[in-house]
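Requesting a structural model of the entry that follows:
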Amino acid sequence: MADIFSFLRRKTPAPADRKVFNMGIQEREQNYFMTAPVIYHIAQQSVILRTCTTQLKNEIFRRGVMFKKSFDTQCISCGNKHENKVKQCMECESDELKKPNKNQLDYANRLLEIKYVNKSEQLFIDILKEMEDDLNIMDDGYIILVKEYFVNDSAGIELHKIKEIYRGDPATMSIYTDEQGERGNKGFTCLNHRYFLSDDEYSNCDECGLQLYPVHYINRVNGIDQYYIEGEVLHFSKYSPSRLYGQSPVVTLFNHITTLIAMENYVNSAYTKSRMPRGLLAVQTRNMESMQNFWRAVKEKMETDPHFIPVMGIEAEGGKGSVEWIKFMDSLKEMDYIAVKEDLRDRISAFYGVSKIFMADSSTSGGLNNEGMQILVTNRAVEMGQNVYNHYVFPWLLRQFGITDYELILPPSEEEDEIAKLRKREIEVNIAASIKNLGFEIDMDGDGNFEYNKPPPEPQAPEGGKEEKQVEKDPYAGTDIDASQLGQLQEQALSQKSSPQEGDSTTRNKPSMSVGPPNRATGLPAEAANNNVDRRTERKVG
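Numbers count the residues shown, from 1 in each chain. The predicted structure follows:
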């Protein structure tokens, strides 16, 4: 037995992360020597970037958040969940079923829907919008839960209650890991004295002597370190999820964003008083005083009459005088300003998945630039953004609230077509009916989906048993007689039995006429003529 236990204590080593460059606090990589405040400043200066992020954020949270039943009925025996109402479990066939407990939502509703979630008078949707901006700029989002703990004598956590919810600033939040990038193995703090930090897992707090808990996150701001334990902070990424931090989209689009900012500054300086003159008019003359007096008079005349056209004669020896225009700057059209700006805007909006129609640009609508397709592309980006909250943030948040029977979701931005869903269900029912006509057995599971099973074949009688019933054969099989002619043939046979036979001298006073085939078929094969003669219509003539 000792050998077995020693064998079980071996385990595969966790792979180390090359981004871990410091024991304990792991700060993000400073790409291009840009810190988080610089990245936020660049993002706030770009009109195109803020338009994309704002439109995407508004579409993601356009319909708010809502609670949804995680199941309609759940089996108490096996725990199987059913989306539709059933009388017994589809797995173990148990009758012990339960419905979602509405009392689980009372605690969460009081915090998430009825009142503000923190002392800053923020709603829960405001916290989500802040985190969405962090994801689109830094690709790192933090949600912090301020908990009130109920502990025993040794500071062991018995219960907790969530008092407030805050958004963590990616510029000051950091992940606390070991050399392999795993959290909770380096650094331990006390619940009462969060500034205390120890490397020994089994030591106690120097201030109160109570047990310590592993540190997962740290917030450094204004020279103060705030340590957070497991269950108090959630970190997640949207575009580049990893073991540590995400990759900022602003860093990827840095050249495009800064070029757009420079172009906007150029246009701004071109239309303000401090702009550079468009050019210089150089006139060669020997009488500078006369030239100055002339331009002074022209300026005075232009103030009263803006349409005044000055006329000036230049006198030069030998007719060699000249007027030269020296241009200092090109026009916007010559620099192809509009085309370059649109290309940069398209690159940025394509990264975020925001179409032109959402940026109030209808110049390319119609034709191949289908508005419906543009909306579809943006809806897919919105769906991807909602899945981050539906699959990562909200499940973790519900676990902290102790909610198991309900789900917190972001409804789709575009409302579902109920008629289309009913038509789809109608098609499924028609297909099930057709398959049933083929001999299959149809059943429905707890989720409302059809199940098809082929029934086993009927057992055959063993040899020596009862003789199989002979199949009645069709006497008219292989003939030209149709089923529609059977009635006429039977009526004809009955009439022949009841009427006197031809050639019977006892029943006729005169010889009967010939009823043979007509003479018009003479010289032709018998099959070529219509030899059908109805004896019932014959009458004696002459």
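
so where's the stretch 351-500 of the chain shaky on pLDDT?
Applying pLDDT under 70 to the stretch 351-500 of the chain flags residues 357-373, 416-418, 445-447, 458, 460-489, 493-500.

all helices of it, in order?
Along the stretch 351-500 of the chain, the stretches classed as helices by DSSP state H, counting those that start in this stretch are 371-388, 394-401, 418-437, 486-498.

Make TSV out of these and add mean neighbour count.
C-beta here means a position set from N, CA and C on the backbone, and glycine is covered the same way. Listed next are these as TSV, based on neighbours: other CB atoms under 10 Å:
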stretch	mean neighbour count
helix 371-388	16
helix 394-401	16
helix 418-437	11
helix 486-498	10
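
Quick check: which of those helices is nearest to Phe71?
helix 394-401 (14.0 Å; CB to CB).

Can you name the residues in contact with the closest one?
Contact with helix 394-401 is made by 104, 107-108, 143, 145, 162, 231, 234, 404, 406-409, as judged by CB atoms under 8 Å, 6 or more residues apart in numbering.

residue nearest the centroid of the protein?
Glu383 (2.5 Å; CA atoms, centre = their mean).

Could you tell me how far that residue is located from Pro100?
26 Å (CB to CB, to the nearest Å).

Equivalent analysis for Gln386, please.
Taken as CB to CB, the span from Gln386 to Pro100 is 23 Å.

Next secondary structure after the helix or strand of the chain with the lowest mean pLDDT?
Least confident helix or strand, the chain: helix 2-8 with a mean of 52, by mean pLDDT, DSSP states H and E. Next helix or strand after helix 2-8 toward the C-terminus (DSSP states H and E): strand 24-26.

Now the following helix or strand past that next one: buried residues?
Of the helices and strands lying after strand 24-26 in sequence (DSSP H and E), the nearest is helix 36-45. For helix 36-45, the neighbour count (16 or more other CB atoms under 10 Å) marks 36, 39-40, 42-43 as buried.

which residues sit against helix 36-45?
Helix 36-45 is contacted by residues 28, 34, 49-50, 53, 137-138, 170-171, 248, 250-251, 254, 257-258, 261 when judged by CB under 8 Å, 6+ apart.

With just CA atoms, put that helix into CSV.
Only the C-alpha atoms of helix 36-45 are listed here, as CSV (Å, rounded to 0.1, in the frame of the first residue of the first chain):
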residue,chain,number,x,y,z
ALA,A,36,-2.2,51.8,-19.3
PRO,A,37,-2.9,55.5,-18.7
VAL,A,38,-1.2,56.3,-22.1
ILE,A,39,-3.3,53.7,-23.8
TYR,A,40,-6.5,55.1,-22.3
HIS,A,41,-5.5,58.6,-23.3
ILE,A,42,-4.9,57.6,-27.0
ALA,A,43,-8.3,55.7,-27.1
GLN,A,44,-10.1,58.8,-25.7
GLN,A,45,-8.5,61.1,-28.3
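
And the average pLDDT for that helix is what?
Averaging pLDDT along helix 36-45 yields 89.

What's the local residue count around Pro456?
Residue crowding around Pro456 was assessed by other CB atoms under 10 Å; the count is 6.

likewise Ser120?
Neighbours of Ser120 under the rule other CB under 10 Å: 11.

Secondary structure element holding it?
Ser120 belongs to no helix or strand when assigned by DSSP H and E.

mind listing what it touches?
Going by CB under 8 Å, 6+ apart, Ser120 touches Tyr166.

again, 10 Å this time
126-127, 164, 166-167 (CB atoms under 10 Å, 6 or more residues apart in numbering).

Same check on Asp17?
So Asp17 contacts 26, 177, 179-182, 242-244 (CB under 10 Å, 6+ apart).

One more pass at 8 Å, please.
Asp17 makes contact with 180-181, 243-244, according to CB under 8 Å, 6+ apart.

What segments of the stretch 101-250 of the chain are helices?
Taking DSSP H, counting those that start in this stretch as the test, the helices found in the stretch 101-250 of the chain are 104-109, 124-137, 249-252.

Now tabulate those helices in TSV and tack on distance to Pro13 and mean pLDDT.
Below are the helices of the stretch 101-250 of the chain laid out as TSV (distance: least, CB to CB, whole Å; pLDDT from 0 to 100):
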stretch	distance to Pro13	mean pLDDT
helix 104-109	40	82
helix 124-137	32	92
helix 249-252	32	90
